[in-house]
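> model the structure of this input:
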Amino acid sequence: MNERVPQPRQSGRHRHGAVTEQVGSQPWDLAERAAAEQLDQIEPAWTVWYGTGTRHFHAVAIWPAPEPLIVRARTADELRALMREAEDTAPPPRGGTMPETPDTPHPPDDPRTVYWDLPHDLPIVGKARAMASETLAAWALHHLAEDVALVVGELLANAIVHGEPVVRLSLWADADEFQIQVTDRGPGQPRHLTLDPESLHGRGLAIVRALAHDTGVIPLPDRPGKTVWARWRLSAGDR
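Residues are numbered from 1 along each chain as shown. As a prediction, the model looks like this:
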């Protein structure tokens, strides 16, 4: 009978088939994670988290910049200092309207407009929903907040899971309508699926179609990608 000869363990990145070693959570990780969650709440221009496996704090800027802004530190105070330094190098926008780009359909003249270029990472969906709700509150469209949060979550999850970066979330409103646009660079197009009643996934576009007055998809004109939009008509009282 042939015996397997143990192979020396090689250094470097993990290779397919190699045994992985789980990193267990330590008591201090709870405090560090809580500090990261608090920092995430008070830094609306950043997504912040604590990695148990790396024992580091991480932050990703969620405003448009020439390059992705990602900082990493061993302590929350060190991370905060690096975030301020990054903001001095590429400051976040302070108001204004969405710049004209080929990636998004042109909104109407002088609307209320806000947009974010988001990390291609599913944990950002929860924060994006909260940002959309805060925007609706500022625009006195509170009655749409619950439906809009659900639609933002579904469209962003689809763009991140099935699309490619950059993912942009845009919200705008004028006197007659409110609209969400989610743009990504993936070549695939959203599809409505015929589902079994017990299916757990694939209902995102059906949910969007049920909650919004109108919805659709616009391919990007000069590159792979698309913008998926959902629209609500506003009444005289909303104005």
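> A175 - how many residues pack around it?
The tally of other residues near A175 (other Cβ atoms under 10 Å) stands at 10. (C-beta placed from N, C-alpha, C; glycine too.)
> that one belongs to a strand, doesn't it?
No: secondary structure of A175 (DSSP: H, G, I helix; E, B strand; the rest coil): coil, not part of a strand.
> list the buried ones in the longest helix along the chain?
Taking DSSP state H as the criterion, the chain has its longest helix at helix 145-162. Within helix 145-162, the residues scored as buried using 16 or more other Cβ atoms under 10 Å are 145, 147-156, 158-160.
> just the closest of those to M131, please.
Nearest to M131 among the buried residues of helix 145-162 is V152, at 8.7 Å by Cβ to Cβ.
> give the contact list for that closest one.
Counting by Cβ atoms under 8 Å, 6 or more residues apart in numbering, V152 touches 125, 128-129, 132, 169, 180, 182.
> tell me the one of these nearest T215?
Nearest to T215 among the contacts of V152, with distances taken as Cβ to Cβ, is I180, at 9.2 Å.
> measure that closest one to A45 for me?
Using Cβ to Cβ, to the nearest Å, I180 is found at 20 Å from A45.
> can you pull out the strands in this protein?
46-51, 56-61, 70-73, 112-118, 167-173, 177-184, 214-219, 226-233 (DSSP state E).
> just the buried subset of the contacts of V152, please.
125, 128-129, 132, 169, 180, 182.
> and which of these is nearest to D214?
Nearest to D214 out of those is I180 (Cβ to Cβ; 11.1 Å).
> tell me, how many residues neighbour the residue nearest to the closest one when sequence neighbours are not counted?
Nearest non-adjacent residue to I180, counting by Cβ to Cβ, 6 or more residues apart in numbering: A230, 4.9 Å away. A230: 24 surrounding residues under other Cβ under 10 Å.
> same question for R233.
So R233, with other Cβ under 10 Å, has 11 neighbours.
> who are the contact partners of it?
By Cβ under 8 Å, 6+ apart, the residues touching R233 are 176-177, 213.
> quick one: low-confidence parts of this protein?
1-28, 63-68, 92-111, 190-204, 237-239 (pLDDT under 70).
> how far away is A86 from E43?
According to Cβ to Cβ, A86 stands 11 Å off from E43.
> picking up where we left off before, from the contacts of V152, pick the one nearest A236.
I180 (22.0 Å).
> isn't the closest one up against L156?
No: at 9.6 Å, I180 does not count as touching L156 under the criterion of Cβ atoms under 8 Å.
> tell me, what's touching these two both at once?
Common neighbours of I180 and L156 are listed as L169 (criterion: Cβ under 8 Å, 6+ apart).
> which residue packs closest to A76, ignoring adjacent ones?
Per Cβ to Cβ, 6+ apart, closest to A76 is A35, 4.5 Å.
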